[in-house]
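Visitor: Structure of the sequence below:
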Amino acid sequence: MQTYRIGLVSEFEDRTKKVFNLGESEVGVFRLGKRFYAWYNTCPHQGGPVCQGRMYPRVLENLDENKKSHGRLYDENDLNIVCPWHGLEFDVRTGKHPGNEGIALDPLPVQIDGGEIYVVVGE
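Guide: Residues are numbered from 1 along each chain as shown. Okay, the predicted model is just below:
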């Protein structure tokens, strides 16, 4: 198990991410509000660089009572990362695919100490 210093909390704006090479692993670190999340940069679908994808609010289909579509709605409370290879989406907070919770990203522990961010790899 190895602990890596990522940087200062102040170096991350809200709703942003950065990708780091930490030893043998590539890791994405995300900030949402005051919380930080870290995920291995490997999509469970086919190994794509998921953390390098774009972040979007969760997309919802706007259906009426007859299941007719009236476009899309965006849930700003749920931010998803979209794998650039095949478009699979994952909740930045949970790492889970919104349509199949059995598909998920691999998390890493994040520690904040004295305004600095640390990620633990190999746990």
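Visitor: Would you quantify the distance from the spatially most central residue of the chain to Tyr4?
Guide: With distances taken as CA atoms, centre = their mean, the residue of the chain nearest its centroid is Val92 (3.2 Å). Taking CB to CB, to the nearest Å as the measure, Val92 falls 20 Å from Tyr4. Using the backbone N, CA and C atoms, a C-beta is placed for each residue, glycine as well.
Visitor: and what of Gln46?
Guide: When Gln46 is compared with Tyr4 (using CB to CB), they lie 27 Å apart.
Visitor: who has more neighbours, those two?
Guide: Set Gln46 next to Tyr4 and count neighbours by other CB atoms under 10 Å: Tyr4 wins out with 18 against 10.
Visitor: right, and the more buried one touches Val119 too?
Guide: Yes: shown here, Tyr4 and Val119 form a contact pair, counting by CB atoms under 8 Å, at 5.3 Å.
Visitor: Pull the contacting residues for the residue lying farthest from the centre of the chain.
Guide: Relative to the centre of the chain, and counting by CA atoms, centre = their mean, the farthest-placed residue is Asn66 at 34.0 Å. If a contact means CB atoms under 8 Å, 6 or more residues apart in numbering, then Asn66 has no contacts.
Visitor: Which neighbours in the sheet does the longest strand along the chain have, and how are they oriented?
Guide: Longest strand of the chain, by residue count under DSSP state E: strand 69-82. Sheet pairing of strand 69-82 (DSSP bridges) gives strand 55-63 (antiparallel), strand 89-91 (antiparallel).
Visitor: For it, buried residues please.
Guide: Under the neighbour-count criterion of 16 or more other CB atoms under 10 Å, strand 69-82 has 78-82 buried.
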